[in-house]
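# this is a predicted model, with the sequence first.
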Amino acid sequence: MVGFYRYVRNPMYVGFFAGWIGLWIIFGRTSLAAIAAALLVMFGVALFVRLYEEPTLHRLFGADYDLYCKNVRPWLPRLRPWRASDEAMLRR
């Protein structure tokens, strides 16, 4: 595992939503409709990840993906990067 995927399972989605929130804060240009739309999109993305991406990755990678899911949260980043090699050493 490399890059941001060592900290969070969905770094592209997290970064996208964090970027939008940051723009709203910096420019102070948001409305209730924009927030509602963003929440609706976030809900749709979460459903897509849960119902399509995760089962597909589980079918492709099996126990390795389960170990990854056990150690890396889907939406809130870890403070320290996860290393699969550390887990492999503990299993021996």
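Everything's here; your move. Residues are numbered from 1 along each chain as shown.

# need phi/psi at Arg73.
Main-chain dihedrals, Arg73, degrees, to the nearest 10: phi -70, psi 150.

# so who does the nearest residue to it once chain neighbours are set aside touch?
Computed as CB to CB, 6 or more residues apart in numbering, the closest residue to Arg73 that is not its neighbour in sequence is Val8, at 6.4 Å. For glycine as for every other residue, the C-beta is placed from the backbone atoms N, C-alpha and C. Val8 is in contact with Val14, Val72, Arg73, Pro74, Trp75, Leu76, Pro77, Arg78, counting by CB atoms under 8 Å, 6 or more residues apart in numbering.

# switch to 7 Å and redo it
Counting by CB atoms under 7 Å, 6 or more residues apart in numbering, Val8 touches Val14, Val72, Arg73, Trp75, Leu76, Pro77.

# so it: helix, strand or coil?
When classified by DSSP: H, G, I helix; E, B strand; the rest coil, Val8 comes out as coil.

# follow-up on the earlier one: narrow the contacts of Val8 to those in strands?
Nothing among the contacts of Val8 maps onto strands, per DSSP state E.

# for the residues you listed, work out which two are farthest apart.
Val14 and Val72 (11.9 Å; CB to CB).

# from Phe17, how far off is Pro11?
With distances taken as CB to CB, to the nearest Å, Pro11 is found 11 Å from Phe17.

# which secondary element of this protein has the worst mean pLDDT?
Least confident element among the helices and strands of the chain, by mean pLDDT, DSSP states H and E: helix 84-91 (a mean of 61).

# tell me the secondary structure at Arg59.
helix.

# so what's the residue count around it?
Other residues lying near Arg59 total 9 when counted by other CB atoms under 10 Å.

# also Tyr5?
Neighbours around Tyr5, by other CB under 10 Å: 15.

# next one: Asn10
21.

# before we move on, back to that, just put the contacts of Val8 in CSV and tack on distance to Val45, neighbour count and pLDDT.
Output for the contacts of Val8, formatted as CSV (distance: CB to CB, whole Å; neighbours: other CB atoms under 10 Å; pLDDT from 0 to 100):
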residue, distance to Val45, neighbour count, pLDDT
Val14, 10, 17, 95
Val72, 17, 19, 95
Arg73, 16, 13, 95
Trp75, 10, 14, 94
Leu76, 15, 8, 94
Pro77, 16, 16, 94
